[in-house]
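> have a look at this prediction, sequence included:
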Amino acid sequence: MTRDLREFLHSLGVNDDQIALAAVDGNVAALAGDVILGEGLELTVADLAARSGTDVDQVRSIWQLLGVAVPDGPAFSERDARFTEDAVQLGLPGAEELLRVLGSSLARVADAAVSLYVQTIEPAYRAADVDALAWAKDLAATTAAALRLSDSLGAVFVHHLRQAIALQRRAQVGGSERAVFRLAVGFVDLVGFTSLSQHLVPADLLMLIGRFEERAFEVATVCSGRVVKHIGDEIMFAALDADSGCHMAAELMRAFGTEGLEPRGGLVFGDVISRLGDYYGPVVNLASRLADTAIPNELLVDAATAAAVTTFAFAPAGRRVLKGFDDPVEVHSLVTDRLLS
């Protein structure tokens, strides 16, 4: 380790004992990021309880719901104290479930951020002749930028909150059950993805997955819909009406029909049960079963959904016996190259 690197780490507050311990695993440069992430962690769970006017057990429960380990020693910052106060004051029935969703969502964001750095930036710094000081400075700058970004996430949340409110209001027009939304729910999966992935190097596989997810979010935004979740090589999405749902499905299938893959999908418009950002019920189950039974490059809908669509044409596709449904289901196949005027 060079003297310049040691002096730089000292300037960040890293001591020689920490440097010696990190050297065992070859992670000396990584200390630059670690120390920035650890800045200001001077409060204990008892301190947070005192600040928020509650007991230690409730504070511990809040952070555990968020998926954060809670040691007895100092592990929290002033920002954590302010968040804890807000969480205690939230006072909504079922707030525990909201915290759990928040924690799991942010855990995924954190995993994505780490993976992005490790897979795109770090390999160059792992070379034998790398300048460790340059790596340490890059890690310090990147970590500081990530912290600034985390402080700005509230601005993005406000936009998503407005969109979620608008969707809820439009999806529940005329409805009496507050957990029931009227939506088009669809699934698109990539037939051939498993076999293709066996012949791709990791970098190319990651690129393909990235394009799939990127295109899904682009299409969802244009169609005023949303990607509900990714399930392996399958995407579950939702839209406010049957036409928008068909548009989303058709665009997704068109985008990946030239990737050596053969997309297929299922879409149903009707009443679904909304819970914590996900959807459940017979409509969802039927859409999933239709996707499973579709042939490659085919999007299947049920008869009611076909009747609700005004901008796409369909071809009858018979009646299908589907798992979980007592009676055969009349289905129709979307004709993606025929738009109705």
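Cool, got the structure.
> all contacts plus neighbour counts: C-alpha atoms, from now on.
Noted.
> run through the stretch 151-300 of the chain and note the low-pLDDT ranges.
Within the stretch 151-300 of the chain, the set of residues satisfying pLDDT under 70 comprises 257-260.
> hey, where'd the strands end up in it?
Counting by DSSP state E, counting those that start in this stretch, the stretch 151-300 of the chain has strands at residues 180-191, 226-231, 234-239, 262-275, 278-280, 299-302.
> in CSV: those, plus mean neighbour count.
Shown next, in CSV, are the strands of the stretch 151-300 of the chain (neighbours: other C-alpha atoms under 10 Å):
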stretch, mean neighbour count
strand 180-191, 26
strand 226-231, 17
strand 234-239, 24
strand 262-275, 24
strand 278-280, 17
strand 299-302, 28
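> just put these in a markdown table and tack on distance to residue 173.
Putting the strands of the stretch 151-300 of the chain into a markdown table (distance: least, C-alpha to C-alpha, whole Å) gives the following:
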| stretch | distance to residue 173 |
| --- | --- |
| strand 180-191 | 8 |
| strand 226-231 | 19 |
| strand 234-239 | 15 |
| strand 262-275 | 12 |
| strand 278-280 | 17 |
| strand 299-302 | 23 |
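> go through those strands and name the closest to residue 122.
Nearest to residue 122 among these is strand 226-231; the distance by C-alpha to C-alpha comes to 26.8 Å.
> CA atoms only: put the closest one into CSV for me.
Taking C-alpha atoms only, strand 226-231 is exported to CSV below (Å, rounded to 0.1, in the frame of the first residue of the first chain):
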residue,chain,number,x,y,z
ARG,A,226,-47.1,0.2,-14.4
VAL,A,227,-44.9,-2.8,-14.1
VAL,A,228,-46.1,-4.7,-11.1
LYS,A,229,-43.2,-7.1,-10.8
HIS,A,230,-40.7,-9.3,-12.6
ILE,A,231,-41.0,-13.0,-12.1
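> can you give me the angle that strand makes with strand 234-239?
160 degrees (axes from the mean of the first three to the mean of the last three C-alpha atoms, to 10 degrees).
> each with direction, which strands does strand 226-231 pair with?
Counting by DSSP bridges, the strands paired with strand 226-231 are strand 234-239 (antiparallel).
> from the chain's centre, how far out does the strand it pairs with sit?
Counting by C-alpha atoms, centre = their mean, to the nearest Å, strand 234-239 is centred 12 Å from the centre of its parent chain.
> and what of stretch 9-29?
34 Å.
> quick one on the thing from earlier: among the strands of the stretch 151-300 of the chain, which comes closest to residue 49?
Of those, nearest to residue 49 by C-alpha to C-alpha is strand 262-275, at 30.3 Å.
> output that closest one as PDB, restricted to C-alpha atoms.
Output of strand 262-275 as PDB, limited to C-alpha atoms (Å, rounded to 0.1, in the frame of the first residue of the first chain):
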ATOM      1  CA  GLU A 262     -40.600 -15.700 -28.700                       C
ATOM      2  CA  PRO A 263     -42.700 -13.700 -26.300                       C
ATOM      3  CA  ARG A 264     -46.200 -14.800 -25.400                       C
ATOM      4  CA  GLY A 265     -48.800 -13.200 -23.100                       C
ATOM      5  CA  GLY A 266     -52.200 -13.200 -21.400                       C
ATOM      6  CA  LEU A 267     -54.400 -10.200 -20.600                       C
ATOM      7  CA  VAL A 268     -57.700  -9.800 -18.700                       C
ATOM      8  CA  PHE A 269     -59.700  -6.700 -17.800                       C
ATOM      9  CA  GLY A 270     -61.800  -6.800 -14.700                       C
ATOM     10  CA  ASP A 271     -61.900  -6.400 -10.900                       C
ATOM     11  CA  VAL A 272     -58.800  -7.200  -9.000                       C
ATOM     12  CA  ILE A 273     -57.900  -7.000  -5.300                       C
ATOM     13  CA  SER A 274     -55.200  -4.500  -4.600                       C
ATOM     14  CA  ARG A 275     -52.800  -5.100  -1.700                       C
END
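> sorry, back to before: between the strands of the stretch 151-300 of the chain, which gets nearest to residue 150?
Closest approach to residue 150 among the strands of the stretch 151-300 of the chain (C-alpha to C-alpha): strand 226-231, 22.5 Å.
> show residues contacting that closest one.
Residues outside strand 226-231 that contact it (C-alpha atoms under 8 Å, 6 or more residues apart in numbering): 216, 217, 220, 235, 236, 237, 238, 239, 277, 278.
> contact partners for the last one?
By C-alpha under 8 Å, 6+ apart, the contact set of residue 278 is residue 228.
> from residue 172, how far out is it?
To residue 172, residue 278 is 16 Å away according to C-alpha to C-alpha, to the nearest Å.
> and for the third one?
To residue 172, residue 220 is 20 Å away according to C-alpha to C-alpha.
> higher neighbour count, those two?
Taking other C-alpha atoms under 10 Å, residue 220 and residue 172 do not tie; residue 220 has more neighbours (24 against 17).
> thank you kindly, that will do.
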